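Visitor: Could you look at this predicted model? Sequence included:
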Amino acid sequence: MRIKPLVFLLTAALFLGTSDLPAADSPRQRERIDFDWKFTKGNVDNAQTVRFDDSEWQSVDLPHDWSIYGPFDTKAESGRSGAYLPTGVGWYRKTLTIPAADNGKQISIEFDGVYEYSEVWFNGHSLGLRPYGFISFSYDVTPYVNFSGENTIAVKVDNSRQTNCRWYSGSGIYRDVWLTATDGLHIPQWGTYVTTPKVSADSATVHVAAELRNQRSAAAPFDYVCTILDSGGKQVQSSSGSGQIDAGATSEIVTDLTVDHPSLWSVDAPQLYTTRIEVSSGGQVVDRYDTVFGIRSLDYDVNKGFLLNGTHTKFNGVCLHGDGGAVGVAVPMEVWRRRLVALKEMGCNSIRTSHNPPDPDFLDLCDELGFLVMDEAFDEWKAAKGQVKQGYHTLFTEWHDPDVTDFVRRDRNHPSVVLWSAGNEIPDQTSPQGPATARELVGLFHQLDPTRPVTAGCDNVYAEPRSASPEFMAALDIAGYNYVDRWRNRSYLYFRLDREAFPERKFIGTEDASMGGPRGNYGNPFVSENAPGAQPPAPAPAAAVSAGPGPGRRRFSAAPRIVVEQLWRVVAENDYVEGDFMWTGIDYLGEAGVGAFSGVIDSAGFKKDGYYFYQSQWTSTPMVHIFPHWNWKGHEGEVLPVYCYTNCDSAELFVNGKSYGVKGYGLMLEGMRDRYGTQTNPGRIRTTSDLHLQWDVAYEPGTLRVVGSKGGQVVATEEVVTTGEPAAIDLALDKAILNADGRDVAHLTVKIIDDQGRMVPTAGNTLQFKVEGAGKLIGVDNGSMSIDESFKGDQRTAFNGLALAILQSTRTPGEITVTVTSAGLPDCSIKLECR
Ligand code: GAL
């Protein structure tokens with residue numbers, strides 16, 4: 001144990017806001033103040049003043065994103081980048097009482113994220129301006145608090161500087177807001193830093209460093225107890241100490257604790273611990289500060305790649321933007337939970353928070369579910385990208401230091417965060433001042449967190465006409481490659497040339513194309529690749545405004561993409577490549593219109609065929625998936641390809657009971673074992689060196705059945721059936737009971753089914769939603785990125801058989817009834833309960 005004065009290098013704006021939660025009976029109070037705000041759009045004079053009359057303003061709860069309410073307008077200033085949605089200026093106000101008992105405490109307000117250029121006033125006093133819309137920040141309001149009556153918070157949000165983001169940013173106070181009250185002698189927010197410098201199965205050293213600040217008027221003696229609690233709340237270790245702290249000073253408590261036989265945090269078993277620091281003075285407990293952390297070790301080896309707890313682990317990664325589809329960027333965590341669980345089932349173990357600091361709650365979920373996170377700061381440094389006029393390059397010089405500082409201090413205790421990214425496709429890669437900027441930024445990350453390496457997603461490592469300088473690349477701890485196969489013979493040599501030229505370089509694929517395309521859109525699959533006028537298989541479409549059915553002489557967008565398969569093979573086969581992050585895991589709003597179809601999960605959370613490509617490569621629980629659908633009336637006798645992704649040894653396709661043959665992957669090849677002549681699986685059928693199987697089938701209505709085998713046993717099957725016409729609506733909820741907390745969310749999946757209960761894969765029936773009782777409809781979607789229907793309306797047209805409604809509880813317990821109607825189909829309703 002040691003107590004030492006801290007060299008205090010932080011500015012007043014950086015103290016607060018954290019995802020660390022206090023113990024329930026802590027003398028520290030921290031609560032969300034998300035409910036009952038007033039909101040109006042547009043510039044308003046004097047709205048910061050206490051006496052301003054906001055009674056005519058709209059009542060809203062946070063998180064709130066005003067852009068997602070629309071309307072869509074192709075002439076909107078946000079343009080394609082901003083999903084054609086409105087931006088501008090908005091004002092928020094809230095009144096709150098702070099009990100007289102808190103007089104003498106330190107009071108602060110913490111914002112997890114406001115997009116963008118927020119200015120905050122408390123009882124009419126301006127607290128500051130915070131331009132970067134993805135950063136968390138806070139203000140000390142102690143001097144301005146009225147303990148005997150009401151207090152007013154006013155927030156001006158200015159998202160009128162268009163365009164400022166290459167993807168949909170949303171507008172408003174789109175993350176949580178917190179009110180914190182502490183004793184004058186307290187640990188400031190983000191004031192703890194917990195690391196695990198020595199980790200083994202037998203024992204781990206937990207290093208705890210905590211700032212202690214004395215904002216009382218006099219020096220104070222203090223005692224502290226630092227306890228480590230396991231995930232069940234059981235104390236596993238503790239240490240204690242005491243000291244004296246001057247008025248106005250900040251000290252540091254530093255202690256090392258040993259945990260025997262630790263439960264390590266990993267992607268398969270994400271075990272969490274908590275450090276609890278209890279500070280007392282004069283016999284009174286004055287603060288109790290909890291920090292959730294994980295015990296795990298990270299090694300990035302030039303040859304072996306990434307090791308988690310000493311075990312080689314490949315980043316099976318996806319890039320994600322921060323929107324949640326129909327809810328815009330005001331994303332309830334249960335929306336993220338559903339999406340992340342789907343990614344986990346795909347075998348994904350890593351997420352890149354492209355291209356900005358995420359919601360802190362999102363990282364809590366990653367800790368809990370076991371995702372490795374590449375936590376990214378910026379999309380621009382000093383040099384502009386050109387696509388947006390008012391991007392971060394306009395802020396970099398003034399703001400990068402406080403922004404990086406707040407970012408790293410906020411996120412550095414998360415076990416999920418294993419790698420920092422200082423930026424994405426930064427044009428400074430190729431500029432003369434780029435290396436100096438990179439060195440400065442990386443140095444700042446290292447200073448705040450020496451335990452994690454720093455990369456950046458570079459698209460110009462080798463590029464024409466100009467490449468990133470080796471000096472720039474050397475400034476990064478790990479060279480991050482975006483689209484490594486883009487130029488010339490790198491298209492098939494991938495990382496190899498650079499591996500030879502720079503043997504000390506560490507390699508990671510920070511971004512690469514995925515298996516996107518609109519879900520369930522097969523266009524005209526009967527076009528042979530060799531037919532006159534046929535177009536080659538489409539490359540991964542980055543984005544599209546809306547998804548038409550796409551008839552015509554073009555092969556369907558879900559067709560397997562050889563380039564994606566090849567790249568994944570290279571990543572999988574070479575340990576020195578730490579992994580890869582696909583662009584993207586989930587479709588996102590903006591960039592090229594309403595949204596981009598680059599995900600393997602659509603904006604409504606429905607899985608696309610490409611999802612099963614990754615599942616076949618990243619999981620071992622036997623699976624088979626075949627596509628396209630089998631509703632091709634009028635095409636009888638015409639030949640189309642049936643594709644399959646599987647992790648089985650082989651798969652056999654049957655069409656109406658008739659076998660079309662057994663097929664199997666040649667890769668990954670396994671040689672002999674033990675001695676010459678002993679093959680692990682000698683009879684294994686190997687028909688392709690691709691990472692998908694294909695049968696050409698003359699269409700006849702009926703049943704496609706695929707049977708997957710492993711070691712001669714049937715282990716997985718899937719059927720695709722020709723369905724009848726739409727006959728009914730089928731409703732399914734992911735939860736039957738919601739917490740009546742005004743935050744919990746249920747997802748209602750709507751399927752259009754035929755008279756035998758089978759989803760009609762081409763159905764496009766228009767649905768009306770009515771929600772009655774103790775809940776509200778907070779979004780409708782179908783994954784089509786249509787400009788014709790609002791995400792916030794009560795109507796949605798099914799897209800290829802499916803639609804989604806997102807329901808949220810209120811703070812009143814009771815029943816919610818959802819009724820879905822559609823012309824020509826029987827009405828359908830479903831109930832859920834809020835407790
Ligand atoms: C990448 C970029 C992403 C996104 C993507 C679209 O180059 O890093 O942000 O724009 O292209 O395909």
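Guide: Perfect, thanks for sending it.
Visitor: in this structure, which ranges drop under the pLDDT threshold?
Guide: 1-26, 528-558, 668-669 (pLDDT under 70).
Visitor: now do 50
Guide: 1-24, 536-554 (pLDDT under 50).
Visitor: Any idea which residue is closest to the centre of it?
Guide: Leu320 (4.7 Å; Cα atoms, centre = their mean).
Visitor: so what's it up against?
Guide: 351-354, 584-586, 588 (Cβ atoms under 8 Å, 6 or more residues apart in numbering). Any C-beta I mention is one placed from the backbone N, CA and C, and that applies to glycine too.
Visitor: go on, Ala774?
Guide: Listed by Cβ under 8 Å, 6+ apart, the contact set of Ala774 reads 740, 809-810, 812-816, 834.
Visitor: Excluding sequence neighbours, find me the nearest residue to it.
Guide: Counting by Cβ to Cβ, 6 or more residues apart in numbering, Ala774 lies nearest to Gly814, which is 3.3 Å off, once chain neighbours are set aside.
Visitor: Is the one you found bridged to anything, and to what?
Guide: Beta-bridge pairing for Gly814 (DSSP bridges): Cys834.
Visitor: Contacts only, for it.
Guide: Contacts of Gly814 (Cβ under 8 Å, 6+ apart): 740, 773-774, 833-834.
Visitor: Drop anything exposed from these.
Guide: 740, 773-774, 833-834 (16 or more other Cβ atoms under 10 Å).
Visitor: ok, back up a step: return the member of the contacts of Ala774 nearest to the ligand.
Guide: Ser809 (34.6 Å; Cβ to the nearest ligand atom).
Visitor: before we move on, the earlier item: quick one: which two of the buried ones among the contacts of Gly814 are the most distant?
Guide: Using Cβ to Cβ, the buried ones among the contacts of Gly814 span at most 11.2 Å, a distance reached by Ala740 and Gly773.
Visitor: Give me the distance from stretch 141-150 to the chain's centre.
Guide: 37 Å (Cα atoms, centre = their mean, to the nearest Å).
Visitor: I'd like the contacts of Ala774 written out as JSON lines, with distance to Ala823 added.
Guide: Below are those laid out as JSON lines (distance: Cβ to Cβ, whole Å):
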{"residue": "Ala740", "distance to Ala823": "34"}
{"residue": "Ser809", "distance to Ala823": "30"}
{"residue": "Thr810", "distance to Ala823": "30"}
{"residue": "Thr812", "distance to Ala823": "33"}
{"residue": "Pro813", "distance to Ala823": "35"}
{"residue": "Gly814", "distance to Ala823": "30"}
{"residue": "Glu815", "distance to Ala823": "27"}
{"residue": "Ile816", "distance to Ala823": "24"}
{"residue": "Cys834", "distance to Ala823": "31"}
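Visitor: So which residues on the stretch 401-550 of the chain come close to the ligand?
Guide: 424-425, 459, 482, 511, 542 (Cβ under 6 Å from any ligand atom).
Visitor: what's the answer for the chain, then?
Guide: 424-425, 459, 482, 511, 542, 583, 591.
Visitor: Just the buried ones from those?
Guide: 424-425, 459, 482, 511, 583, 591.
Visitor: Tabulate those (JSON lines), appending distance to Val715.
Guide: Shown next, in JSON lines, are those (distance: Cβ to Cβ, whole Å):
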{"residue": "Asn424", "distance to Val715": "40"}
{"residue": "Glu425", "distance to Val715": "42"}
{"residue": "Asp459", "distance to Val715": "41"}
{"residue": "Asn482", "distance to Val715": "37"}
{"residue": "Glu511", "distance to Val715": "34"}
{"residue": "Trp583", "distance to Val715": "32"}
{"residue": "Glu591", "distance to Val715": "40"}
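Visitor: Just those residues: which are in strands?
Guide: 424, 482, 511, 583 (DSSP state E).
Visitor: ok, then the element right after the strand or helix carrying Ala209?
Guide: Secondary structure from DSSP states H and E places Ala209 in strand 203-214. Downstream of strand 203-214, the first helix or strand assigned by DSSP H and E is strand 220-229.
Visitor: the inter-axis angle of the helix or strand that comes right after that following strand versus strand 220-229?
Guide: For strand 220-229, the following helix or strand on the C-terminal side (DSSP H and E) is strand 235-245. Angle, strand 235-245 to strand 220-229, by axes from the mean of the first three to the mean of the last three Cα atoms, to 10 degrees: 170 degrees.
Visitor: counting contacts, what elements does the helix or strand just after strand 235-245 pack onto?
Guide: Downstream of strand 235-245, the first helix or strand assigned by DSSP H and E is strand 250-260. Strand 250-260 is packed against strand 2-5, strand 203-214, strand 220-229, strand 235-245, with contacts defined by 3 or more Cβ pairs under 8 Å, 6 or more residues apart in numbering; DSSP states H and E.
Visitor: Tabulate the ones you listed (a markdown table), appending mean neighbour count and distance to Arg93.
Guide: Below are the helices and strands packed on strand 250-260 laid out as a markdown table (neighbours: other Cβ atoms under 10 Å; distance: least, Cβ to Cβ, whole Å):
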| stretch | mean neighbour count | distance to Arg93 |
| --- | --- | --- |
| strand 2-5 | 12 | 41 |
| strand 203-214 | 20 | 30 |
| strand 220-229 | 20 | 37 |
| strand 235-245 | 15 | 38 |
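Visitor: can you pull the contacts of whatever residue of the stretch 51-200 of the chain ends up closest to the ligand?
Guide: Distances between the stretch 51-200 of the chain and the ligand by Cβ to the nearest ligand atom are smallest at Arg166, namely 6.1 Å. Contacts for Arg166 (Cβ under 8 Å, 6+ apart) come out as 81, 379, 385, 387-388, 391, 590-591.
Visitor: any idea how far Pro641 is from Tyr483?
Guide: Tyr483 is 27 Å from Pro641, where distance means Cβ to Cβ, to the nearest Å.
Visitor: Ala475 contacts Gly443, doesn't it?
Guide: No - if you go by Cβ atoms under 8 Å, Ala475 and Gly443 don't touch, sitting 9.1 Å apart.
Visitor: So for the two, which sits in the more crowded spot?
Guide: Using other Cβ atoms under 10 Å as the criterion, Ala475 and Gly443 rank with Ala475 on top: 21 against 12.
Visitor: And what about the nearest residue to the more buried one once chain neighbours are set aside, helix, strand or coil?
Guide: Excluding its sequence neighbours, the residue lying closest to Ala475 (Cβ to Cβ, 6+ apart) is Ala438, at 3.7 Å. Secondary structure, DSSP: H, G, I helix; E, B strand; the rest coil: Ala438 is helix.
Visitor: Contact partners for the nearest residue to Tyr392 once chain neighbours are set aside?
Guide: Closest residue to Tyr392 apart from its sequence neighbours, by Cβ to Cβ, 6+ apart: Glu380 at 4.2 Å. By Cβ under 8 Å, 6+ apart, the residues touching Glu380 are 391-393, 396, 423, 426-427.
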